[in-house]
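*Asks:* Show me how the following folds:
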Amino acid sequence: MNISVTKAAKEWGVSRTTIYQKVNDGELSRTADKKIDVSEMLRVFGEPISKKRTERSVDTVQSTPLNSQSVQYNTDIEHLLALEKLKNEHLSQQVSDQKKLIENYQQQIAQLNKTLDKANASIQDFAQVRLLEFKQAEMSDEPPLAQEQEKEDDSIVATAKKKKRWFF
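*Replies:* Model prediction:
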């Protein structure tokens, strides 16, 4: 529920200037229509003075006449109920926001797990290829580097022979 700055100042017993200073300092926010959410007032200033008065008047109910007493009591209860409803709405909104945040984190975890699975599969494929190369090298009884060196030497000799034939 949103209320005007003037009404907020009256209910919380602070000046409008104080409220505007809190808004300017970024401690208190206002809606687009320049009103203040009651939950924001609760967060910054605590319980309103009207509630504190209500608690005091409940204590002094015995000294008032019966009709006046019940009217005041009903009014006090209505104010407390409205305040608790506001708190409940605010907490429900916070729970909803947290659920959305958790859902977002769960999606990110799922994406990271997929990426990790792909990386692990690539590592396993690479390891298997290297293992096969190692086994083939063992079967030929020559180290893999020696085989590559021998191939390079053979190609150099073959190239040199071709060049000699062409020139002579």
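*Asks:* Next one: the spatially most central residue of the chain from D37, what distance?
*Replies:* Taking Cα atoms, centre = their mean as the criterion, L101 is the residue nearest the geometric centre of the chain, at 4.6 Å. Using Cβ to Cβ, to the nearest Å, L101 is found at 21 Å from D37. No exception for glycine: its C-beta is placed from N, CA and C like everyone else's.
*Asks:* before we move on, what about R16?
*Replies:* From R16 to D37 the distance is 17 Å (Cβ to Cβ).
*Asks:* Between those two, point out the one with more neighbours.
*Replies:* D37 (19 against 13; other Cβ atoms under 10 Å).
*Asks:* Look up the pLDDT of the more buried one for me, please.
*Replies:* On pLDDT, D37 comes in at 88.
*Asks:* Please report phi then psi for it.
*Replies:* phi -70, psi 140 (degrees, to the nearest 10).
*Asks:* helices or strands up against the lengthiest helix in the chain?
*Replies:* If you go by DSSP state H, the chain has its longest helix at helix 66-139. Other helices and strands packing on helix 66-139, by 3 or more Cβ pairs under 8 Å, 6 or more residues apart in numbering; DSSP states H and E, are helix 38-45, helix 49-59, helix 144-167.
*Asks:* now it against helix 38-45, angle please.
*Replies:* If you take axes from the mean of the first three to the mean of the last three Cα atoms, to 10 degrees, helix 66-139 sits at 90 degrees to helix 38-45.
*Asks:* now helix 66-139, how far from the chain's geometric center?
*Replies:* 8 Å (Cα atoms, centre = their mean, to the nearest Å).
*Asks:* hang on, I3 packs against K34?
*Replies:* No: contact criterion Cβ atoms under 8 Å: I3 and K34 do not qualify, at 11.1 Å.
*Asks:* between the two, which one's more packed in?
*Replies:* I3 (15 against 10).
*Asks:* and the gap between that one and L80?
*Replies:* 17 Å.
*Asks:* and what of S39?
*Replies:* 16 Å.
*Asks:* more neighbours, the two?
*Replies:* Neighbour count, other Cβ under 10 Å: between S39 and L80, S39 has more, with 17 against 14.
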